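Student: Structure of the sequence below:
(one chain, ligands or ions: 1)
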Amino acid sequence: MPSRRRVAANAGGTRYSSKRKQQTQQILFTSGFSTCPPFCTLFATLYHQLCKVLRHTKPMRKKYYFIILVFIIYGLGFIPAEQHLNPVVGATVNSWNPQSFWYYPWGKSGTHKGIDIFAEAGTPVVASTNGIILYSGSYGRGGQVIYLLGANWHFHYFAHLQQRHVSLLSYVHAGESIGTVGNTGNAKGKPPHLHYSISTLLPRIWLWNPRTHASWQRLFYLDPGKFIESGGSL
Ligand SMILES: [Zn+2]
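Tutor: Model (predicted):
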């Protein structure tokens, strides 16, 4: 027979957990996950089940659980299919110079880590793949920029935008409008274009070449031109 105090503590814990779960769902809904309510509810439920388990776990075991969790999350990043769309509507392979990727020297950037896709100002920019918006705002030389996390832990960077149509943590589908071509940041006064680069969490060690400029950084970047050409255009 459980004591009255323990019953009261459990009841309090349940109320607490339920309240925190509702708060998490609310945060996810208001921060852009409202475009995917089932995912929002599932994430909040899993998160709070995990918190319940960890509250009753020894510190040493928590470390192992944490490492396992990191590997699971990392593995999940490779499950979704990756799309390879040209992010500038109407652009063709002639809209950028393929030699410009990893070109050196390239102004204050040193090495050009992406390609510049030229188009009229205001031309729609679309998500090149399905993913989550990690940043949407103003950032240094990029001007108005968007960071998108897609499948395979690829980070897609769209810079010099005139307008941005997405907010933090919103989920976008490939082909969905995220902004328009512009010349913000250090592209001011230059022809409007989209600076597009793709970096990866997993270094591509087979590309190692000590004679390449910024050779170790090169391992963390994909050639966006080849990425687009292996897919399709809108
Ligand atoms: Zn550029």
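Student: tell me the contacts of Leu134?
Tutor: For Leu134, the contact set (CB atoms under 8 Å, 6 or more residues apart in numbering) comprises Tyr147, Leu148, Leu149, Phe155, Leu168, Leu169. For the C-beta atoms, the positions are set from N, CA and C on the backbone; glycine is no exception.
Student: Looking at the residues you listed, which one is closest to Gln22?
Tutor: Taking CB to CB as the measure, Gln22 lies nearest Leu169 of the contacts of Leu134, at 18.3 Å.
Student: sorry, back to before: buried ones among the contacts of Leu134?
Tutor: Applying 16 or more other CB atoms under 10 Å to the contacts of Leu134, the neighbour count classes Tyr147, Leu148, Leu149, Phe155, Leu169 as buried.
Student: Could you see whether the ion lies near the top strand by length along the chain?
Tutor: Counting residues, the longest strand found in the chain (DSSP state E) is strand 154-164. No. Using CB under 5 Å from the ion, strand 154-164 stays clear of the ion, coming no nearer than 7.0 Å.
Student: The helix or strand just after that strand - what's its average pLDDT?
Tutor: Using DSSP states H and E, the next helix or strand after strand 154-164 towards the C-terminus is strand 171-172. Taken as a whole, strand 171-172 carries a mean pLDDT of 96.
Student: Which elements pack onto the helix or strand where Gly75 lies?
Tutor: Taking DSSP H and E as the definition, one finds Gly75 inside helix 59-76. Helix 59-76 sits against helix 37-55, with contacts defined as 3 or more CB pairs under 8 Å, 6 or more residues apart in numbering; DSSP states H and E.
Student: okay, now His165: neighbour count?
Tutor: Neighbourhood size, His165 [other CB atoms under 10 Å]: 17.
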